[in-house]
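Chemist: From the sequence below, what's the structure:
(chains A and B)
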Number of protein chains: 2
Amino acid sequence: MTLSPKPKGKSASGSVVDRMQALVAGDLAEVEKILIDRAASPVAVIPDLSGYIVSAGGKRLRPMLTLIAAHAVGKPNNATHVLAAAVEFIHTATLLHDDVVDESDLRRGKPAAKAIWGNSASILVGDFLFARAFNLLVETRSLDILDKLATASTTIAEGEVRQLAAMNARDMPTEEYLAIVEAKTGALFEAAAESGAMSAGGDEFAHAFATYGKNLGLAFQIIDDVLDYGGTTSVIGKSVGDDFRECKITLPVIIAKRRGSDEDRAFWDRAMNPDTQEDADLAHAVHLIRATGAAEATVQEAEAYAGMAKGALRPLPDSPYRDALIDLADFCVSRAY
Amino acid sequence: MTLSPKPKGKSASGSVVDRMQALVAGDLAEVEKILIDRAASPVAVIPDLSGYIVSAGGKRLRPMLTLIAAHAVGKPNNATHVLAAAVEFIHTATLLHDDVVDESDLRRGKPAAKAIWGNSASILVGDFLFARAFNLLVETRSLDILDKLATASTTIAEGEVRQLAAMNARDMPTEEYLAIVEAKTGALFEAAAESGAMSAGGDEFAHAFATYGKNLGLAFQIIDDVLDYGGTTSVIGKSVGDDFRECKITLPVIIAKRRGSDEDRAFWDRAMNPDTQEDADLAHAVHLIRATGAAEATVQEAEAYAGMAKGALRPLPDSPYRDALIDLADFCVSRAY
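Modeler: Predicted coordinates for the structure are as follows:
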């Protein structure tokens, strides 16, 4: 197993998302309409900035999860559509704030909103989208759905703060890393899938979708983290080395460090410190992550979560939607090949 | 009328708030408990930072409004208490983000949270408190209350962005200034009072409380803006000249500029530009605001809103709570003397 891009994997991944989009095309069109309508404001910078990031090549994974979960248990309705839009607004708000916190000037290979409109506008438009998400959630008329998304939002913010607090730690236990990923990414995938099913009357399957979403989110983020040390930027538009330059400790680093020699560990301690990191360090970091098998071990960890995600779908009736969710779990992991 | 501090005004103001606090002391104690309990997190920086700002000498004006509105129409209950706490969390979240956006290192005369924990922590803990506020609002089990607070939050963010967008404008029409103040401050006062009444079954008076809250918020903010050019820091703990140094155009400046000579207008254009402002300009700005009567005219504008606030309470049954709300409107304005 290598991390160099394989055309097969790449095109297969593309077609999974394409097939999913086709499966819920009508619903996605409704969601897109809501995303545009509800980012409208007489204050021009709000639709400008949010339009820029909302349409900046995101795959709409989270709202698709909501829509497909609804289809898998019943029929999406207006509540499902506003819920899916709310999920995307919450995700977008976190991206805007993340870029400010991470000091990233690029997002999916394009200039981050903050590089164009500045930090202040990114913070405040993020706040607007987050608040607007709750307006949309009220329109679902479901306190249970509101509760799920409010809790997910709290968990995401808690995970972000936890990651920030861990930023200056030399070492991060694997458990700490996984807890952060579960909070930052798993919580919204979980709420998106679970509440999607709930919006279509599928309460009996809510737990299955929650488990699916959480584990899918973990697999997705873990693969993202290994892609940062060797994926192709063309697949997800994320520049290689972002996490490294921010000295963000992720699973490939944790494993490479644990498996490395004393010399390797000294390298990681120096390189993962903003005061002592050097430009040439990234290439050596990528080398160590491959040489120690950390990349492969990281992918295996993601595969385990993808397996748990798929396992959670067992109670569901057979349908093209259930199949699509299984394909999606496989796709998440296949991105690494 | 002068803007120099009068001990009478100051102590009278203090006692109004003290009397209000005494009137709802039991309820406020419940709210304080919720504020502490619900800012708890295993991630230490969350309770540390939010505890710092939540207990940093705020007068709890907004939650008091919620509690007194509930008392004025019925009896506060658990929904009222969690609602009041949610209102304070939303307010606190906006303060945290404001300090980052305004680059303020002081808040109520103490170091701003961002000066201690940094911008990133302030952004993310703000997000946490905002999300947690919606958890609390779900506990009210009222979609109508959730709707009011989600809309107020959206309006606040929209007002903040509008203010940011106006930052580089040389002139600001009075209508634009008032629209920003209504959004940034009026909306939360409005929602706090209106939903407080709703939480205690006072739907028939919801509109009266909404009108009261909005106008009170306008009066309050307009007075804050004139205090920034001549109030005493000991009353509100806000350093004089904050708005001026940030080149934030507020009503005293709008009026002083409109009434001033060509020379005065040239001064304002130069001084309200971060590239050309000089240290000595603040003293001259304060002088012009007094000499043109702009300070007095600004206070009169606030008095008009305070009058509308009081007028809105006419349909209410007579009670010590209604009296307290009338006193509060007078207190808002009296801070300027």
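Chemist: Tell me which helix or strand A:Leu218 sits in.
Modeler: Per DSSP states H and E: A:Leu218 is located in helix A:206-227.
Chemist: And that helix, what's buried?
Modeler: Burial within helix A:206-227, assessed by neighbour count using 16 or more other C-beta atoms under 10 Å in any protein chain shown, is assigned to A:206, A:208-227. Quick note: C-beta positions are derived from backbone N, CA and C, even for glycine.
Chemist: Could you list which of those also contact chain B?
Modeler: Residues of the buried residues of helix A:206-227 in contact with chain B (C-beta under 8 Å from any C-beta of the partner chain): none.
Chemist: quick one: which helix or strand includes the closest residue to A:Val125 other than its chain neighbours?
Modeler: When the adjacent residues along the chain are set aside, A:Val125 lies closest to A:Leu49, with 4.7 Å between them (C-beta to C-beta, 6 or more residues apart in numbering or on different chains). Taking DSSP H and E as the definition, A:Leu49 sits inside helix A:45-54.
Chemist: Please apply the same query to A:Lys33.
Modeler: Going by DSSP H and E, A:Lys33 is part of helix A:25-37.
Chemist: Ok, A:Ala191 next?
Modeler: helix A:187-199.
Chemist: same question for that helix, mean pLDDT?
Modeler: Mean pLDDT, computed over helix A:187-199, is 98.
Chemist: Over to stretch A:274-291?
Modeler: 93.
Chemist: do stretch A:66-84 as well
Modeler: On average, stretch A:66-84 scores 98.
Chemist: Any residue of that stretch touching chain B?
Modeler: No. Figure legend: stretch A:66-84 not in contact with chain B (C-beta under 8 Å from any C-beta); closest approach 12.4 Å.
Chemist: give the contact list for the residue nearest to A:Val125.
Modeler: Applying C-beta atoms under 8 Å, 6 or more residues apart in numbering or on different chains to A:Leu49 gives the contacts A:96, A:113, A:116-117, A:121-122, A:125.
Chemist: residue ranges of the helices in the stretch 1-150 of chain A, please?
Modeler: A:7-23, A:25-37, A:45-54, A:61-73, A:78-102, A:113-117, A:119-139, A:143-165 (DSSP state H, counting those that start in this stretch).
Chemist: any idea which helix or strand of chain A has the worst average confidence?
Modeler: helix A:233-236 (a mean of 38; mean pLDDT, DSSP states H and E).
Chemist: Tell me the first helix or strand C-terminal of that helix.
Modeler: Criterion used, DSSP H and E; the element after helix A:233-236 is helix A:242-245.
Chemist: elements contacting that following helix?
Modeler: Contact partners of helix A:242-245 among helices and strands, from 3 or more C-beta pairs under 8 Å, 6 or more residues apart in numbering or on different chains; DSSP states H and E: helix A:281-291.
Chemist: And the helix it packs on, what's buried?
Modeler: Those would be A:281-282, A:285-286, A:288-290, for helix A:281-291 by 16+ other C-beta under 10 Å.
Chemist: Let me have those in CSV, extended by distance to chain B.
Modeler: Formatted as CSV, these follow (distance: C-beta to the nearest C-beta, whole Å):
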residue, distance to chain B
A:Asp281, 23
A:Leu282, 23
A:Ala285, 24
A:Val286, 27
A:Leu288, 28
A:Ile289, 27
A:Arg290, 32
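Chemist: how close does the residue nearest to A:Val125 sit to A:Asp98?
Modeler: Distance of A:Leu49 to A:Asp98, given as C-beta to C-beta, to the nearest Å: 15 Å.
Chemist: Residue numbers of chain A in contact with chain B?
Modeler: So chain A meets chain B at A:41, A:43-46, A:94, A:97, A:100-101, A:119-121, A:123-125, A:127-128, A:130-132, A:134-135, A:137-138, A:141, A:143, A:146-147, A:150-151, A:153-154, A:156-158, A:160-162, A:164-165 (C-beta under 8 Å from any C-beta).
Chemist: Tell me, how many residues neighbour A:Ala22?
Modeler: 11 (other C-beta atoms under 10 Å in any protein chain shown).
Chemist: Can you check the pLDDT for it?
Modeler: 94.
Chemist: related to what we said a few turns ago, show me the two of the buried residues of helix A:281-291 that sit farthest apart.
Modeler: A:Asp281 and A:Arg290 (15.1 Å; C-beta to C-beta).
Chemist: The residue nearest to the spatial centre of chain A and A:Thr94: what is the separation?
Modeler: Compute the mean C-alpha point of chain A, and by C-alpha atoms, centre = their mean the closest residue is A:Thr185, 5.1 Å away. Per C-beta to C-beta, A:Thr185 is found 10 Å from A:Thr94.
Chemist: Also A:Ala206?
Modeler: 23 Å.
Chemist: mind listing what A:Leu96 touches?
Modeler: With C-beta under 8 Å, 6+ apart, A:Leu96 has these contacts: A:49, A:53, A:113-114, A:122-123, A:125-126, A:129.
Chemist: Mind putting the helices of the stretch 1-150 of chain A into a markdown table with distance to B:Val181?
Modeler: Shown next, in a markdown table, are the helices of the stretch 1-150 of chain A (distance: least, C-beta to C-beta, whole Å):
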| stretch | distance to B:Val181 |
| --- | --- |
| helix A:7-23 | 44 |
| helix A:25-37 | 27 |
| helix A:45-54 | 18 |
| helix A:61-73 | 36 |
| helix A:78-102 | 25 |
| helix A:113-117 | 23 |
| helix A:119-139 | 16 |
| helix A:143-165 | 28 |
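Chemist: Which of the ones you listed has the lowest mean pLDDT?
Modeler: helix A:7-23 (a mean of 70).
Chemist: Tell me how many other residues crowd A:Ser261.
Modeler: There are 10 residues near A:Ser261, going by other C-beta under 10 Å.
Chemist: any idea how far it lies from chain B?
Modeler: 34 Å (C-beta to the nearest C-beta, to the nearest Å).
Chemist: ditto for A:Phe244
Modeler: 19 Å.
Chemist: is it true that that residue touches A:Asp228?
Modeler: Yes. Contact between A:Phe244 and A:Asp228 holds when scored by C-beta atoms under 8 Å: they sit 7.0 Å apart.
Chemist: Enumerate the positions of the helix holding A:Ala191 that are buried.
Modeler: A:187-199.
Chemist: chain center to that helix, what's the gap?
Modeler: Distance, stretch centre to chain centre, for helix A:187-199: 14 Å (C-alpha atoms, centre = their mean, to the nearest Å).
Chemist: Can you list the helices and strands that that helix packs against?
Modeler: Against helix A:187-199 (3+ C-beta pairs under 8 Å, 6+ apart) you get helix A:61-73, helix A:78-102, helix A:143-165, helix A:206-227.
Chemist: Let's see that with 10 Å instead.
Modeler: Counting contacts by 3 or more C-beta pairs under 10 Å, 6 or more residues apart in numbering or on different chains; DSSP states H and E, helix A:187-199 is packed against helix A:61-73, helix A:78-102, helix A:143-165, helix A:206-227, helix A:294-312.
Chemist: Out of those helices, which is the most enclosed?
Modeler: Of all the helices and strands packed on helix A:187-199, helix A:61-73 carries the top mean neighbour count, a mean of 28, counting by mean count of other C-beta atoms under 10 Å in any protein chain shown.
Chemist: Can I get that one in PDB, CA atoms only?
Modeler: Only the C-alpha atoms of helix A:61-73 are listed here, as PDB (Å, rounded to 0.1, in the frame of the first residue of the first chain):
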ATOM      1  CA  LEU A  61     -21.400  15.600   2.200                       C
ATOM      2  CA  ARG A  62     -23.300  16.500   5.400                       C
ATOM      3  CA  PRO A  63     -26.600  17.600   3.800                       C
ATOM      4  CA  MET A  64     -26.400  14.600   1.500                       C
ATOM      5  CA  LEU A  65     -26.200  12.400   4.600                       C
ATOM      6  CA  THR A  66     -29.300  14.100   6.000                       C
ATOM      7  CA  LEU A  67     -31.200  13.600   2.700                       C
ATOM      8  CA  ILE A  68     -30.100  10.000   2.100                       C
ATOM      9  CA  ALA A  69     -30.900   9.100   5.700                       C
ATOM     10  CA  ALA A  70     -34.400  10.500   5.300                       C
ATOM     11  CA  HIS A  71     -34.900   8.600   2.000                       C
ATOM     12  CA  ALA A  72     -33.600   5.400   3.700                       C
ATOM     13  CA  VAL A  73     -36.400   5.400   6.200                       C
END
